[in-house]
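Peer 1: Quick one, structure for this:
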Amino acid sequence: AYCASKSGVLGLSRAVALEGAPHGVTCTTVSPTWVETEMLRESAATIATQNGTTQADEIAALARANPQNRLVQPDEVAAIIAFLCSDAAPGLTMEDIQINAGAHW
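Peer 2: A predicted model of the protein is given here:
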């Protein structure tokens, strides 16, 4: 279900970008990997309970899974979105920007 919905969002954004281009409308998706949020911490706590580990251990494991050995921070995602909404990015459209700390998934 996740993959199907993600493909739908990417396809829709490309269609919006094409249809909006003559009118100055841009459409770009942002796809972050693991972001250090409350939702991630809750998931890590659940996994820790199942695995008999700690929340910190599970968060550290997620960070180690990224080539940069860290989790993406919410302000990094916000900065990209702010840039996309600014007058500095009028030609950036029909793209999927992956904020992934080097991960390919």
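Peer 1: So, low pLDDT: which residues of the chain?
Peer 2: 105 (pLDDT under 70).
Peer 1: Strands along that one, start to end?
Peer 2: 29-32, 96-99 (DSSP state E).
Peer 1: who does the last one touch, helix- and strand-wise?
Peer 2: Right, strand 96-99. Secondary-structure packing of strand 96-99 (3 or more Cβ pairs under 8 Å, 6 or more residues apart in numbering; DSSP states H and E): strand 29-32, helix 74-84. (C-beta placed from N, C-alpha, C; glycine too.)
Peer 1: can you list contacts of it?
Peer 2: Applying Cβ atoms under 8 Å, 6 or more residues apart in numbering, the contact partners of strand 96-99 are 10, 13, 28-33, 35, 72, 76-77, 80, 84.
Peer 1: Pull out the buried residues from the helix of greatest length in the chain.
Peer 2: Assignment by DSSP state H gives helix 2-20 as the longest helix of the chain. Across helix 2-20, burial judged by 16 or more other Cβ atoms under 10 Å covers 13-14, 16-17.
Peer 1: Against which helices or strands is that helix packed?
Peer 2: Looks like helix 2-20 contacts strand 29-32 (3+ Cβ pairs under 8 Å, 6+ apart).
Peer 1: Identify the neighbouring strands of the strand it packs on in the sheet and state each direction.
Peer 2: strand 96-99 (parallel) (DSSP bridges).
Peer 1: follow-up on the earlier one: would you format the helices and strands packed on strand 96-99 as CSV with distance to Ala44 included?
Peer 2: Formatted as CSV, the helices and strands packed on strand 96-99 follow (distance: least, Cβ to Cβ, whole Å):
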stretch, distance to Ala44
strand 29-32, 16
helix 74-84, 16
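Peer 1: Relative to Glu58, how far out is the residue in the chain sticking out farthest from the centre?
Peer 2: In the chain, Gly52 marks the outermost C-alpha relative to the chain mean, sitting 28.6 Å out by Cα atoms, centre = their mean. Gly52 sits 11 Å away from Glu58, going by Cβ to Cβ, to the nearest Å.
Peer 1: Good, we can wrap up now.
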